[in-house]
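A.B. asks: Quick one, structure for this:
(chains A and B)
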Amino acid sequence: MVTLIMLALGLGVFTLVGGQQKAVADERVKESSYNLAETALESAIAYMPTASVSSTNWYGKRTTDASGTFVQRSCDQASSSSNCPSPTSVLGAFTNAKDFGSAGAQWKTEVWDNVYPNTSFYQETVTNKSTAVQYDSNGDGKFWIRAQATAGTKKKVIVALVTPRTVSTAAPYPATGIQGTELYVDPITTTSQVIDMQGTATTPGRVDLYCVNALYPPQGSGSVCPTVDSTKGQLYPWTVSTGQPGNRCIDETGTTWAYYYAGGYQCWSTNVGADIIRLRNRAIANQTYYNNTCPTNLTGEVVFVDGDVNTQCAYTSGSSTWNSAANPGILVFGKANGITLGGNNTYYGLIYAGNTTAGSHASIVYVTGTARLQGVAIAEFGMVGESGTIYVDSTRNPGFVYDPNAFNKWNTASGSSSSSSAGYMIVPGTYREIPVN
Amino acid sequence: MSRLSDQRGFTLMELMVATTLFMVILLATLASLDGFQKTTRAAERQNEAQGAARTAIDRLATELRNAGGQAASILKAGSADVVFSTVDTSTTPTAGGNEANLKYVRYCQTGTTLVRQQQTWTTAAAPTMGATTLCPGTSPWSASTTVVENVRNTTAPCAPTATVAPCPIFTYDDSTPLTDVRQIGLHLIIDVDTVVRPTATRIETGVAIRNQVTG
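C.D. replies: I've put the predicted structure just below:
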């Protein structure tokens, strides 16, 4: 009797577990297929050839066979074209035979211009119909990439509208070496505190200040904006541009930044808000993002210090060298209140201080002791009126050295560049999985 | 030999004892079979309910992955009520109108049922999202369709991590403001019969919102 009851219960449970095991296995195979399709899509974007997207010779041009029939171009796991994703890299993580069966993982990517049924909607068998084109025929710089993958019997299809990365560099780039509300070299009477703005022959440095009460060279003691005496060699060469007090290039709301400046004074980048968001994401990915705390190590492609901390990050002792002249970094203070770079420390790269928290700050970028900043310094005017001050009293000669290479790094790290080699990106909001026929 | 050739047969008492024993064994067997059938039926019903929940959560995950097309992909982020903008892939858009074929999709819980509604339009400008005070909502929301039944999230905790009901169907990594939503967790507690075994099953998945463009 007991055996029968146990058998009945056991069979019931077995029925439940067996069915659910199969459902879970199916789900895993579907997810594997989806992940493979997504990998193929990302790889196709990364491998997208960058030249002549409007040419019929580009990427997936339509060709005809001997009978004049159009031949569709695509990439798959057997492709060897340099315009196609590397099969090895795409399939690297998809080797589970249980998911992919004896046929192995299979994927395919295609390019279709955004023409049918319109420029903003992808529809299977319409966008990729037999007479459609596989290059940027309408010249809008956008096209769909369709990626499909098959694992076992599960097929997934993902599409996304893709476009070249936008140019974000504004006119003064890369001349700006120092930008802020005020620039101080202290004491004004000394000859030992020096800012070297020479840069290179093709990219000399420049100081841009949001202020109007400037005295033009030669500067004398007691002048403000900038408080620098060029006759003592404190700033050479003298390339100071001033005007439009109280303006700033970005605005900050919550955790977003946007281009803010609307006056006549040219900001160094009209995409600075979006750039900062991308830099923050890059720092998060690189594990160099610090929220409400100051990092001890400033070395890194992008180090991002965030949070409403009403204090500065101070490095007033030691003799560390962060980054190098050949490989400068970017140090962003999104909300946090800048840096005191002291001791015998040296930082190579661009320091950007958003200056977006309320409160009084003496110096947003402060180079003191025997420290040196080699690169670029930018301090925004404060959200509620605080000065964006760059202050140099380091006795190392020079305490600040302009290096245009640091500004170049901003563009590469933020994904903004005037070069077509910056590659392609998904048009926001267009990524989607589509039903499989 | 003499016993076999005996023509006297069984006594009445012997027959009654044998019959009684047979009846007892038969009843016990039937009881076991009945128990087996009940257990199997309950398991089948729970299996079917879980299958339906898996299908629903799969569809919901796909739709959430596709959420986008506007500055804010997520329009409402409640514990049992989510609204998002997505692309309608089932129809061809109207030329000069809603060319991106956007629509609003809503999933909300009413009683022990998760329902789905959508709001479509043909104009170029997206309309205001319909009211979400009721579930299901009234026009401009479409008629609701049942997605999953036997949802017990309101009366069950998110065991084993929580011990107190309710268990939210939708959880978010950050929903203030709505543009900060990057990941949505989906949790369904399914139980066809809260009294009879098998006990409730928790089916979950997580979705990364690919199309959030700000935040």
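A.B. asks: which residues are there in the stretch 301-437 of chain A that come within reach of chain B?
C.D. replies: By Cβ under 8 Å from any Cβ of the partner chain, the residues of the stretch 301-437 of chain A that approach chain B are A:P428, A:G429, A:T430, A:Y431, A:R432, A:E433, A:I434, A:P435. From N, CA and C alone the C-beta is placed, and that goes for glycine too.
A.B. asks: now the end-to-end length of stretch A:328-343.
C.D. replies: One end of stretch A:328-343 sits 20 Å from the other (Cα to Cα, to the nearest Å).
A.B. asks: ok now that stretch, how far from the chain's centre?
C.D. replies: Per Cα atoms, centre = their mean, to the nearest Å, the displacement of stretch A:328-343 from the mean C-alpha position of its chain is 18 Å.
A.B. asks: Please apply the same query to stretch B:64-74.
C.D. replies: Distance, centroid of stretch B:64-74 to centroid of chain: 23 Å (Cα atoms, centre = their mean).
A.B. asks: now swap in stretch B:97-117 and tell me
C.D. replies: For stretch B:97-117, the distance to the chain centre is 16 Å (Cα atoms, centre = their mean).
A.B. asks: shaky segments in chain B?
C.D. replies: B:1-6, B:70-71, B:213-215 (pLDDT under 70).
A.B. asks: what are the ranges of the helices in it?
C.D. replies: B:12-65 (DSSP state H).
A.B. asks: Same check on the stretch 151-300 of chain A?
C.D. replies: A:272-286 (DSSP state H, counting those that start in this stretch).
A.B. asks: just for it, where's the confidence low?
C.D. replies: A:165-175, A:212-224, A:243-272, A:285-286.
A.B. asks: Buried subset of the residues of the stretch 301-437 of chain A next to chain B, written for PyMOL?
C.D. replies: To isolate the buried ones among these in PyMOL, judged by 16 or more other Cβ atoms under 10 Å in any protein chain shown, type:
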select buried, chain A and resi 428+429+430+431+432+433+434
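A.B. asks: From start to finish, how long is stretch B:163-173 in a straight line?
C.D. replies: 21 Å.
A.B. asks: Could you see whether chain A lies near it?
C.D. replies: No. Taking Cβ under 8 Å from any Cβ as the criterion, stretch B:163-173 and chain A are apart, separated by no less than 12.8 Å.
A.B. asks: Make sure A:A147 is actually in contact with A:V159.
C.D. replies: Yes. Judged on Cβ atoms under 8 Å, A:A147 makes contact with A:V159 at a distance of 7.5 Å.
A.B. asks: Mind checking which of the residues of the stretch 301-437 of chain A next to chain B land in strands?
C.D. replies: Within those, residues falling in strands by DSSP state E are A:R432, A:E433, A:I434.
A.B. asks: Can you pull the residues of the stretch 51-200 of chain A lying near chain B?
C.D. replies: A:P117, A:N118, A:T119, A:S120, A:F121, A:Q123, A:V126.
A.B. asks: Go through those residues and single out the one with the most neighbours.
C.D. replies: A:F121 (24 neighbours; other Cβ atoms under 10 Å in any protein chain shown).
A.B. asks: okay, the residues of the stretch 301-437 of chain A next to chain B in a markdown table with pLDDT next?
C.D. replies: Converted to a markdown table, those look like this (pLDDT from 0 to 100):
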| residue | pLDDT |
| --- | --- |
| A:P428 | 80 |
| A:G429 | 83 |
| A:T430 | 88 |
| A:Y431 | 89 |
| A:R432 | 90 |
| A:E433 | 90 |
| A:I434 | 89 |
| A:P435 | 84 |
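A.B. asks: could the residues of the stretch 301-437 of chain A next to chain B go into a markdown table alongside distance to A:G141?
C.D. replies: Formatted as a markdown table, these follow (distance: Cβ to Cβ, whole Å):
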| residue | distance to A:G141 |
| --- | --- |
| A:P428 | 15 |
| A:G429 | 16 |
| A:T430 | 14 |
| A:Y431 | 18 |
| A:R432 | 20 |
| A:E433 | 24 |
| A:I434 | 23 |
| A:P435 | 28 |
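A.B. asks: farthest-separated two in the residues of the stretch 301-437 of chain A next to chain B?
C.D. replies: Maximum pairwise distance among these (Cβ to Cβ): 22.5 Å, between A:P428 and A:P435.
A.B. asks: residues contacting the closest residue to B:T163 other than its chain neighbours?
C.D. replies: Among residues not flanking B:T163 along the chain, B:P157 sits closest, at 5.2 Å (Cβ to Cβ, 6 or more residues apart in numbering or on different chains). By Cβ atoms under 8 Å, 6 or more residues apart in numbering or on different chains, the residues touching B:P157 are B:T163, B:V164, B:A165, B:P166, B:C167.
A.B. asks: Quickly check these for the two that are furthest apart.
C.D. replies: Across the contacts of B:P157 (Cβ to Cβ), the longest gap, 12.0 Å, separates B:T163 and B:P166.
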